[in-house]
Structure formats: structure tokens, C-alpha cells
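Peer 1: my questions are about this predicted structure, shown below with the sequence.
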Amino acid sequence: MALSFFASAFSSYNVVVSITFSFLFGPYILLIYFAVLAAFLCIYFIARKYRDTIFQEDFNNIIDFVKRKFDLKVANILNLSLIAVLFLFIILQFFVNTTIFSEFLGWNKYLSALFIGGIVFLYTNLGGLKADIFTDVFQGILMLIIVALVFMVDTSKITSETILPLLTDKTILFGTLSIAFAQFLTLLVQPEIWQRVAASRNIVHLRKSMVVSWLLLMLVWLPMTIIGLAARASGTVKNPSIIFYNILETTAPDWFFPFLIVSLFAAFMSTLDSSLFAISSQLGKYGFLVKEKIEKQIPPEERKIVKNIRLSMAIVLVLALIASLFFANFLKGVFGLISLLTVLSVPVIISLILRMSSNETFVAILIAIIAFVFAFFGGYLTEEKPITTLYPSLFIFGYILLQRIALKIYRLHAKTS
């Protein structure tokens with residue numbers, strides 16, 4: 001389970017993002033890794049508090065938790081939102097990896113997409129979540145090969161003269177803090193993480209798995225930071241969106257490419273299969289609308305759910321493959337994804353803390369989505385300013401705060417009247 005948590009966090013998508021953020025933020029990227037730890041701790045305490053719900057046999061995603069904690073309308077709006085998030089996430093992963101494989105193997109992007117998607121679909125379709133988790137063990141080990149890139153980059157130009165300006169730049173610090181806080185919020189509602197929480201089956205296994213997985217993440221933090229700093233110090237990277245490809249083209253020797261291809265393929269599968277199964281299990285169990293009540297399953301109904309999950313996998317995979325071929329701006333997609341997850345996380349977490357009613361939670365999530373759509377399509381979210389990813393979340397936080405204050409004043413006024 002520890003390797004599964006690690007493989008889900010340190011995927012090919014996150015390899016590219018980590019090196020890109022190291023290039024942009026330098027050593028401050030450590031704050032993002034500590035945000036992961038904070039999120040793990042928060043999820044652990046939530047799981048411990050609601051262990052009777054989360055560790056039941058029929059629990060397999062965060063929608064199950066929200067449905068039991070709130071009601072159908074909250075579960076439905078979150079279900080639809082997370083389906084959109086997972087679909088965008090799968091598109092981003094296809095975009096990153098089809099580009100890598102088409103470049104290194106000399107295939108066109110259509111053949112690369114079909115090859116990658118076909119393999120992931122095959123073993124996930126046959127083995128389900130169990131195959132997803134067990135393959136993460138091997139994928140997590142293979143992904144460590146990518147860390148070997150640190151021995152091939154030119155680190156001679158990483159000096160105090162290149163690092164100190166990064167450490168003293170307040171814009172970089174605030175940008176990193178924004179991304180770190182966003183990372184914390186995104187993990188709290190990430191469906192893949194909650195599936196692994198459910199798969200751990202008890203709170204002791206969950207605690208040990210999270211501790212070990214974070215320690216593994218810390219092992220790769222330093223190499224990722226060095227690679228990003230080396231790229232920044234070299235002055236050869238002009239476009240951070242394609243920094244990973246630039247590093248591979250200029251740094252990795254020919255003999256290393258076979259190992260790199262295998263490890264990248266493993267890294268790619270580790271998160272794509274998780275995302276694919278997460279979205280398919282939501283669609284297969286509930287569809288787009290969460291049902292009122294699912295009775296205790298009998299074998300024919302279980303087979304129906306499995307059949308629906310497999311069908312959902314096929315449909316999602318085909319649509320995501322097609323969409324990835326037309327995808328253009330990687331960084332804008334990343335920041336949009338982060339912003340959407342954070343804006344969903346804020347009302348859910350605050351609702352649990354303040355014990356808000358289902359109606360209040362539903363309205364808060366709805367307004368949060370509207371705020372994100374307005375900010376994203378209105379041009380307020382930009383990759384140049386990471387703090388903009390939090391604009392919708394700050395708005396919804398302010399809305400909930402004002403709502404609670406107004407409600408408190410109204411109740412006091414009603415009481416005195």
C-alpha cells in the first residue's frame with residue numbers, strides 16, 4: 001500500500017510537474033512536499049474519525065463518504081465535478097506521455113496513444129482495483145530509475161549565485177506557498193487517494209502506508225530539485241512547459257534511453273490506471289447521478305456493476321485519447337486542474353469542520369464551481385502567477401465566512417425578538 005500511495009503521487013505527470021516547479025521555484029519546492037505530508041495527516045484523521053464508514057466493504061470512493069455524510073444532491077454535484085476533474089487529468093497524462101513516446105520511439109502520436117491506452121486498459125479491465133494496486137508496487141520501484149537523471153545533468157553551474165536570488169525573491173516564495181496550499185487541498189478530495197484509503201482496510205495499515213510513502217517521496221525530492229536547478233542555471237530552457245523534454249534531449253546518453261523509456265512507461269501507468277479506474281468506478285456504480293440507496297449486493301448486481309465499470313473504462317479511454325490529441329497548453333491545464341480541485345476541496349472540508357447542513361454545502365459547492373468557471377474562462381487564472389489558482393478558493397472561503405456570520409446574526413436577532 002505504501003508503494004501504491006507513492007506511485008500514485010510520483011507519477012509521470014508529477015515527474016514533469018516536479019521538475020518544472022523546481023525550475024520555477026528552486027529549493028522552495030520542498031514546501032509542496034510538506035503540503036503532501038499535511039494532506040496525508042488530514043486524511044488520516046478523517047479516516048480515523050469516520051472509520052466505521054470508510055472501512056466498510058462496499059466503500060470504494062469519496063462519493064460513498066459524501067453520500068453518507070451529507071445527502072444525494074451534495075453527492076451528485078461532487079460526483080459530476082470529480083468526473084470532470086478525472087477526465088481532464090487523464091487527458092493531461094495522455095498528452096504528456098504520448099508526446100514523450102512519440103519523440104523517443106519515433107512513432108506518431110496516434111500510434112503512441114493507442115499503444116499506451118491499450119495496455120493500461122487491458123490489465124485494468126481484467127484485474128480492476130486489485131491489479132491497479134499490485135502493479136503500483138512494481139511501477140513505484142521502476143520509477144526510481146528516473147531519479148538517476150540527477151547523475152547526468154550538469155550541476156557545476158548550481159552555485160550560491162544561482163540559488164540565493166531564488167531564496168530572496170518574495171514572488172517565488174508566495175508562488176510556492178500558493179501551489180503548496182493548493183496541493184494540500186487537492187489531495188484531500190483526490191479520488192485515487194481515497195480509493196487507496198479504502199483498500200488499506202484498517203487505520204493501522206493506512207498510517208504505516210502514508211508514512212512510508214511520504215518518506216519515499218522525500219527520497220526523490222532532492223534529485224528532482226537538483227535537475228530543475230541545473231536546467232535553470234544552464235540558461236538553455238526558454239519554455240518551462242517543455243523543460244522535461246529539453247533535459248532528456250540534452251542530458252540523457254543513448255545507453256540510458258531504454259531504462260528511461262521503461263521507467264517512464266511505468267510512471268505513466270501508475271497514475272493513468274488509478275485515474276481510469278477511479279472515474280470508471282464512479283460511473284459504473286452510480287452513473288452521472290448517485291442513486292438513493294444501493295441494497296446489499298447479490299452476485300447478479302455485482303456483475304452488472306463490474307460490467308458498467310468496464311464499459312465506462314472503454315468510453316472514457318477513447319474520449320480522453322481523442323481529446324489529448326488536440327490539447328495545447330500543458331501548464332494552463334495543470335493550473336486549471338489544481339484550481340478546480342482546490343475549489344471543490346474548500347467547501348467540503350469547511351462543511352465537515354463547521355458541520356454545515358447539506359443544503360448549505362450544496363450551495364457552497366455550486367457557487368465554488370461557478371467561481372472557477374468564471375475565473376478560468378475569464379482569464380484570471382494564469383500560469384505566470386501561481387497564486388491565481390487559489391482565487392476561486394479564496395472567493396468561496398469568503399462566501400462561506402460571510403454566510404456563517406450572516407446566519408449567526410440572523411439567529412441572534414430571531415432569538416432576541
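Peer 2: All right, it came through fine.
Peer 1: contacts and neighbour counts: CA atoms only from here.
Peer 2: Noted.
Peer 1: and the helices in the stretch 251-400 of the chain, which stretches?
Peer 2: 257-285, 299-324, 330-354, 358-377, 391-416 (DSSP state H, counting those that start in this stretch).
Peer 1: helices of the stretch 51-200 of the chain, start to end?
Peer 2: Applying DSSP H, counting those that start in this stretch to the stretch 51-200 of the chain gives helices spanning 51-54, 62-69, 72-105, 109-143, 160-167, 170-188, 191-200.
Peer 1: pLDDT (mean, whole number) over the shortest one?
Peer 2: When you say that, I think you mean helix 51-54. Across helix 51-54, the average pLDDT comes to 82.
Peer 1: now it - C-alpha only, CSV.
Peer 2: Output of helix 51-54 as CSV, limited to C-alpha atoms (Å, rounded to 0.1, in the frame of the first residue of the first chain):
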residue,chain,number,x,y,z
ARG,A,51,-13.5,4.6,10.2
ASP,A,52,-16.9,2.8,10.6
THR,A,53,-17.9,4.3,7.2
ILE,A,54,-14.7,4.4,5.3
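Peer 1: what about Ile83, how many residues nearby?
Peer 2: Ile83: 20 surrounding residues under other CA atoms under 10 Å.
Peer 1: how is the protein carved up into domains?
Peer 2: Per the record, the chain has its domains at 2-327, 329-417, by automatic domain parsing.
Peer 1: least confident of those domains, on average?
Peer 2: Averaging pLDDT over each of the domains of the chain puts domain 2-327 lowest, since it has a mean of 79.
Peer 1: am I right that Leu185 is in contact with Val348?
Peer 2: No - Leu185 is beyond contact range of Val348, at 10.2 Å (criterion: CA atoms under 8 Å).
Peer 1: looking at these two, which is more packed in?
Peer 2: Comparing Leu185 with Val348 by other CA under 10 Å, the one with more neighbours is Leu185, at 25 against 21.
Peer 1: the residue lying closest to that one once chain neighbours are set aside and Phe256, how far apart?
Peer 2: Using CA to CA, 6 or more residues apart in numbering and skipping residues adjacent in sequence, the residue nearest Leu185 is Thr342, 5.1 Å away. Distance from Thr342 to Phe256, counting by CA to CA, to the nearest Å: 38 Å.
Peer 1: neighbour count: the two, which is higher?
Peer 2: Shown here are Thr342 and Phe256; by other CA under 10 Å, Thr342 has more neighbours (29 against 13).
Peer 1: so what's that one up against?
Peer 2: Ala182, Gln183, Leu185, Thr186, Leu390, Ser393 (CA atoms under 8 Å, 6 or more residues apart in numbering).
Peer 1: can you pick out the most distant pair from these?
Peer 2: For the contacts of Thr342, the maximum inter-member distance is 12.6 Å, found between Gln183 and Ser393 (CA to CA).
Peer 1: okay, these two: which has more neighbours?
Peer 2: Ser393 (26 against 23).
Peer 1: go ahead and confirm the more buried one touches Leu341.
Peer 2: No - the criterion here is CA under 8 Å, and Ser393 misses it with Leu341 at 9.4 Å.
Peer 1: which ones are touching Val334?
Peer 2: Leu92.
Peer 1: please tell me how far Ser281 sits from Ala323.
Peer 2: To Ala323, Ser281 is 21 Å away according to CA to CA.
Peer 1: neighbour count for those two, which is higher?
Peer 2: Per other CA under 10 Å, whichever of Ser281 and Ala323 has more neighbours is Ser281, with 24 against 17.
Peer 1: ok, for that one, nearest residue in space, not its chain neighbours?
Peer 2: Ile309 (5.5 Å).
Peer 1: neighbours around that neighbour, how many?
Peer 2: Neighbour count of Ile309, defined by other CA under 10 Å: 26.
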